[in-house]
Every structure is written in C-alpha cells, then in structure tokens.
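Peer 1: heads up, no residue letters with this:
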Ligand SMILES: NC(=O)c1ccc[n+]([C@@H]2O[C@H](COP(=O)([O-])OP(=O)(O)OC[C@H]3O[C@@H](n4cnc5c(N)ncnc54)[C@H](OP(=O)(O)O)[C@@H]3O)[C@@H](O)[C@H]2O)c1
C-alpha cells in the first residue's frame with residue numbers, strides 16, 4: 001500500500017514537472033483595440049488560425065478567414081461572428097497548394113477589400129504528396145504559397161501602413177536544411193515528410209528576415225513565430241505507428257489552440273515591436289533562431305529562388321512583372 005502511494009505520488013510529481021516544464025503557456029495579454037483594422041488569417045478555419053481570428057474579432061477587427069474548405073471556413077466564420085458579436089468576419093477560399101488559387105484569392109481580395117493591415121501567414125501542413133504546380137505539398141503550402149500571397153498583397157499592406165506580416169514558423173526550423181538547387185522537391189530519405197516540414201519552417205524564418213530587410217523604412221514590419229507545441233490537427237497525417245505516442249503526449253502536455261495563438265497575436269498587435277522586424281518570437285518573447293535561420297545570404301538566395309519558382313521573375317532573373325500583372 002505504502003509503495004503504491006509513493007509510486008502514485010512520484011507519477012504525479014513527474015507529470016506536474018513535465019506538464020509545466022513543456023507546456024509553457026505565454027503570459028496573458030491585454031486585449032488589443034482593433035476597430036478599423038483589416039486582417040487576413042490563412043488557415044483560419046481551425047487550430048491556431050481559428051483561435052487567432054477569434055481574438056482579432058473580439059478586438060473589433062474585420063477578419064478574413066482564408067482557408068481551403070468552404071464548409072469548415074464558413075462554419076468557423078459563423079461561430080466567431082456569434083461568439084464575438086462582430087459581424088465583420090468572413091470566409092474567402094484559398095488553397096495554398098495551388099498558385100492559381102493564391103492568385104485568384106489575392107485578386108478577389110484586392111477587388112473587394114480596400115484595406116489590409118495584418119497578414120497572418122498561419123496555414124500549415126505536414127504531409128507527403130505533390131501539388132498541381134509540381135512542388136512538394138508541405139513546402140508549397142507552408143512557404144511558396146505564402147511567399148506568393150505576401151508579394152501579391154504587399155502594395156496594399158504598404159498603402160495601409162503601419163501594417164504587419166506575421167509568419168507562423170516552428171521550432172522545427174532547427175532541423176531544416178535548404179537545398180536551393182532542389183527547392184520545392186521532397187527531400188530524399190525515409191523521413192522525407194518530416195524533413196520537408198522542417199525545411200519549410202526554416203524557409204518561414206528566413207522569409208521574415210529577408211522581407212524585413214526589403215521593407216526597411218516602409219512601416220510594414222514582419223515577424224516569425226513559434227507558437228509552442230499545440231494540440232491541433234497538424235499531426236493528422238502522421239504515420240499510424242506514431243499516433244499512439246503523439247496523441248497522449250499532445251493531450252497531456254501541449255498548449256490548447258487559444259494559448260498557441262498568443263505569440264501570433266503578440267506580434268500582430270503589441271505596440272513598439274517595429275524595431276524587431278524580421279526577428280523570431282516564441283512565448284511572446286524575442287528569441288534567437290538557429291544559426292541557419294540567421295544566415296542573410298541564405299535568406300537572399302531563398303528569396304530569389306522562391307521568386308523564380310512562383311513565377312514572379314523569369315528563370316533568367318528577368319524583372320518581376322508588376323503585381324497586378326502577376327495576378328493574371
Ligand atoms: N500545432 C503545433 O504544435 C505547431 C507547432 C509549431 C508550429 N505550428 C504551425 O502553426 C500553424 C498552424 O497549425 P495548426 O497547429 O493550427 O494546424 P491545423 O489545426 O492542422 O490547422 C492548419 C490550418 O491550415 C489550413 N491548411 C492546410 N492546408 C491548406 C491549404 N492547402 N490551403 C489553405 N489552408 C490550408 C487548414 O485548413 P483545412 O481545414 O482546409 O485543412 C487549417 O485551417 C502551422 O503553420 C504549423 O506549422 C504548429
């Protein structure tokens with residue numbers, strides 16, 4: 001009996017240690033007043049994106065949920081309108097796995113919405129497969145699609161400045177290895193999907209870094225974010241053998257989606273962050289990313305390669321078409 005009690009006590013202590021060691025929820029933030037602000041949240045139909053959109057709507061922002069599934073997107077928009085009493089929440093279809101869809105979204109958005117102050121590049125996936133554009137699904141959704149989207153919306157962000165771009169990356173960028181000659185192709189090896197995810201997240205951090213350099217003196221600033229380990233549907237495509245391990249871990253130790261949205265919201269709304277444009281945040285605090293994510297030359301080369309892959313410059317590096325032309 002005594003041993004059983006001791007064992008139970010030790011298990012409780014271990015659980016508490018792990019839960020509050022691993023599960024470091026960011027400190028609560030004051031709600032920002034966002035009336036007059038228009039925001040796009042990609043992947044706003046579920047997980048961290050829906051929690052981010054909910055909080056922006058609570059602050060009074062006009063929020064566009066840019067998501068793939070109309071059923072899920074409309075349902076989330078309806079739920080957020082009901083929960084917040086903010087009627088200015090709408091769904092618009094965007095499939096980041098299709099460059100055609102990204103262009104169509106940007107074109108419709110620019111026609112229908114006169115303002116854009118916040119672009120939250122949140123959608124993400126970790127799955128195998130190839131897109132209609134011939135790129136690996138994970139790399140296109142997580143990086144290339146968002147890269148094109150940001151470029152197509154940049155003029156609107158500039159004209160509405162001060163404005164911000166928040167790029168939801170991940171601590172997984174630490175294992176990223178960008179092979180610029182094979183960018184957008186799945187990495188070789190048995191852990192190809194996982195490696196591709198890490199590569200795409202490294203690309204996210206470098207994207208924010210180079211974007212900030214190119215936007216100096218414009219009052220458009222940008223930030224890369226690690227949201228923490230969050231219990232969402234991100235791991236739905238994980239191999240079957242991994243799920244029994246992952247699910248209890250996620251359930252016991254990971255943040256919930258509202259907690260996972262806090263660092264994105266911090267970077268989107270906290271005053272005085274402008275001098276940290278291009279930097280990486282986690283737990284609502286500035287943090288140094290891994291060395292590869294601080295490599296300015298790699299960031300420049302990634303930018304040039306991404307421009308070519310999404311068709312914003314010719315393969316010979318000929319000048320970008322004007323954004324309006326790129327929408328066609
Ligand atoms: N969860 C974590 O522990 C964790 C840790 C570090 C970083 N992150 C990052 O956080 C971000 C949000 O992930 P999450 O955890 O909230 O995952 P999630 O629950 O799976 O949500 C991902 C969102 O992305 C959308 N999406 C997927 N493919 C898309 C596409 N082709 N076009 C447009 N939207 C698409 C999904 O929409 P559908 O409903 O249509 O699938 C969904 O709304 C991701 O960038 C992820 O890499 C998450």
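Peer 2: Sure, I can see it. Note that the structure is a prediction, hence the values are computed from the model and not measured.
Peer 1: in which helix or strand does residue 110 reside?
Peer 2: helix 99-112 (DSSP states H and E).
Peer 1: any idea of the mean pLDDT in that helix?
Peer 2: If you average the pLDDT over helix 99-112, you get 98.
Peer 1: and that helix, how far out from the chain's middle?
Peer 2: Mean-position distance between helix 99-112 and its chain equals 19 Å (C-alpha atoms, centre = their mean, to the nearest Å).
Peer 1: ok, it near the ligand or not?
Peer 2: No - shown here: helix 99-112 not in contact with the ligand (C-beta under 6 Å from any ligand atom), separated by at least 7.7 Å. No exception for glycine: its C-beta is placed from N, CA and C like everyone else's.
Peer 1: with stretch 226-243 instead?
Peer 2: Yes - counting by C-beta under 6 Å from any ligand atom, the ligand is contacted by stretch 226-243 at 226, 227, 229, 230, 232, 233, 234.
Peer 1: need these in a markdown table (columns: neighbour count, secondary structure and pLDDT).
Peer 2: Conversion of the residues of stretch 226-243 next to the ligand to a markdown table gives the following (neighbours: other C-beta atoms under 10 Å; DSSP: H, G, I helix; E, B strand; the rest coil; pLDDT from 0 to 100):
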| residue | neighbour count | secondary structure | pLDDT |
| --- | --- | --- | --- |
| 226 | 23 | strand | 98 |
| 227 | 28 | coil | 97 |
| 229 | 18 | coil | 93 |
| 230 | 19 | strand | 92 |
| 232 | 22 | coil | 88 |
| 233 | 10 | coil | 83 |
| 234 | 21 | helix | 76 |
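Peer 1: residue numbers of the stretch 101-250 of the chain in contact with the ligand?
Peer 2: So the stretch 101-250 of the chain meets the ligand at 122-125, 141, 168, 170, 226-227, 229-230, 232-234 (C-beta under 6 Å from any ligand atom).
Peer 1: at 5 Å instead, please
Peer 2: Within the stretch 101-250 of the chain, the residues that sit near the ligand (C-beta under 5 Å from any ligand atom) are 123, 124, 125, 141, 168, 170, 229, 230, 232, 233, 234.
Peer 1: the residue lying closest to the second one once chain neighbours are set aside: neighbour count?
Peer 2: Beyond its immediate neighbours in the sequence, the residue positioned closest to residue 124 (C-beta to C-beta, 6 or more residues apart in numbering) is residue 142, lying 5.1 Å away. Applying the criterion other C-beta atoms under 10 Å, we find 28 residues in the vicinity of residue 142.
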